[in-house]
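Visitor: sequence first, predicted model second:
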Amino acid sequence: MTPYPILYSFRRCPYAMRARMALWISNQVCELREVVLRQKPAELLALSAKGTVPVLVDPKGQVYQESLDIMLWALERHDPQGWLQPEAGTLAALLAWIEPWDHQFKFHLDRYKYAYRYEGVEAVTHRGEASTYLDQLNSQLQDSPYLFGNRICLADVAIAPFIRQFSQVDLTWFNSQPWLQVNAWLASILESTLFTQTMEKYPQWKSGTPGSLFPPSKA
Ligand SMILES: N[C@@H](CCC(=O)N[C@@H](CS)C(=O)NCC(=O)O)C(=O)O
């Protein structure tokens, strides 16, 4: 059995991004298997019938199919920056706070970004709905640079990849919105060494070959 946990990942997937950031910061070295979603490996589908990424298999064979569970798995082992213990609030409060972003906001984000995939859907309507969440985010960031205080925590990392995706649909429009605090917060995360390192490219994993050690410099 491999000594490392195995992470099935896809570089551009926002769920995989947040899982990789947690694995990196917690220094949980994994064998990263980069997946192409059109050609999911049989090994991934055998582990997870829903066939989404990220998926993590720990050395005991336990399978984690939800990105938030992978973040918690990593951070419960090692949490050097206190992502699970923000300055203000408890872990339960963080998880409750993330919930509407993963569901309601994501619902509107998908219909804004991929309106052509849904019948009778107007992208701009869903952009407007999603924007109400951005307004709240901007208000929350008035008093502190991160969502639950002066340092980054699970909530910031869990939602930033989705705000990035939302911003990139129409960057000119996004930058013209009155979201100064959100812009500063997003830039500080996306320009961080943590984010840029976790966005490095890995070759597509081929069955029967070793994956790439991740984080590479810490292995
Ligand atoms: N709830 C899951 C969602 C993961 C998810 O939907 N990932 C997308 C990629 S961003 C995926 O794998 N989709 C399957 C596909 O496109 O075939 C999680 O948090 O990990």
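Guide: Yep, it's here. Predicted model only: the values in this text are computed from it and were never measured.

Visitor: chain center to the lengthiest helix in the chain, what's the gap?
Guide: Scanning the chain for the helix with the most residues, using DSSP state H, yields helix 123-140. When distances are taken as Cα atoms, centre = their mean, to the nearest Å, helix 123-140 is centred 19 Å away from the chain's centroid.

Visitor: kindly report the same for stretch 174-182.
Guide: Centroid separation between stretch 174-182 and its chain, computed with Cα atoms, centre = their mean, is 21 Å.

Visitor: please point out which parts of it sit buried.
Guide: Neighbour-count burial for stretch 174-182 flags Phe174, Trp179, Gln181, Val182 (criterion: 16 or more other Cβ atoms under 10 Å). Backbone N, C-alpha and C define where each C-beta goes, glycine included.

Visitor: from the ligand, how far out is the last one?
Guide: Distance check for Val182 against the ligand: by Cβ to the nearest ligand atom, to the nearest Å, it reads 22 Å.

Visitor: the residue nearest to that residue when sequence neighbours are not counted: neighbour count?
Guide: Leaving aside its chain neighbours, Val182 sits nearest to Asn138 (4.9 Å; criterion: Cβ to Cβ, 6 or more residues apart in numbering). Applying other Cβ atoms under 10 Å, we find 17 residues neighbouring Asn138.

Visitor: same for the helix or strand just after the longest helix of the chain, what does it pack against?
Guide: Proceeding N to C from helix 123-140, the next assigned helix or strand is helix 154-169, under DSSP states H and E. When contacts are defined as 3 or more Cβ pairs under 8 Å, 6 or more residues apart in numbering; DSSP states H and E, helix 154-169 packs onto helix 14-25, helix 67-77, helix 91-100, helix 106-113, helix 123-140, helix 171-175, helix 180-190.

Visitor: can you say which of these is packed in most?
Guide: helix 14-25 (a mean of 25; mean count of other Cβ atoms under 10 Å).

Visitor: for the record, mean pLDDT for that one?
Guide: Averaged across helix 14-25, pLDDT comes to 98.

Visitor: change the start of the numbering to 42 and stick with it
Guide: Fine by me, first position is 42 from now on; the one you just mentioned is helix 55-66.

Visitor: close to the ligand, is it?
Guide: Yes. Counting by Cβ under 6 Å from any ligand atom, the ligand has neighbours in helix 55-66: Pro55, Tyr56.

Visitor: any part of the helix or strand following that helix near the ligand?
Guide: Beyond helix 55-66 in the direction of the C-terminus, DSSP H and E gives the next helix or strand as strand 71-75. No. Strand 71-75 is not in contact with the ligand by Cβ under 6 Å from any ligand atom; minimum separation 12.8 Å.

Visitor: show residues contacting strand 71-75.
Guide: The contact list for strand 71-75 (Cβ atoms under 8 Å, 6 or more residues apart in numbering) reads 43, 45-52, 61, 64, 82, 84-85, 97, 243-246, 251-255.

Visitor: mind saving the C-alpha coords of that strand as PDB?
Guide: The C-alpha trace of strand 71-75 is given here as PDB (Å, rounded to 0.1, in the frame of the first residue of the first chain):
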ATOM      1  CA  CYS A  71      -0.200  13.200  -0.800                       C
ATOM      2  CA  GLU A  72       0.200  11.300  -4.100                       C
ATOM      3  CA  LEU A  73      -1.700  13.700  -6.400                       C
ATOM      4  CA  ARG A  74      -3.400  12.100  -9.400                       C
ATOM      5  CA  GLU A  75      -4.400  14.800 -11.800                       C
END
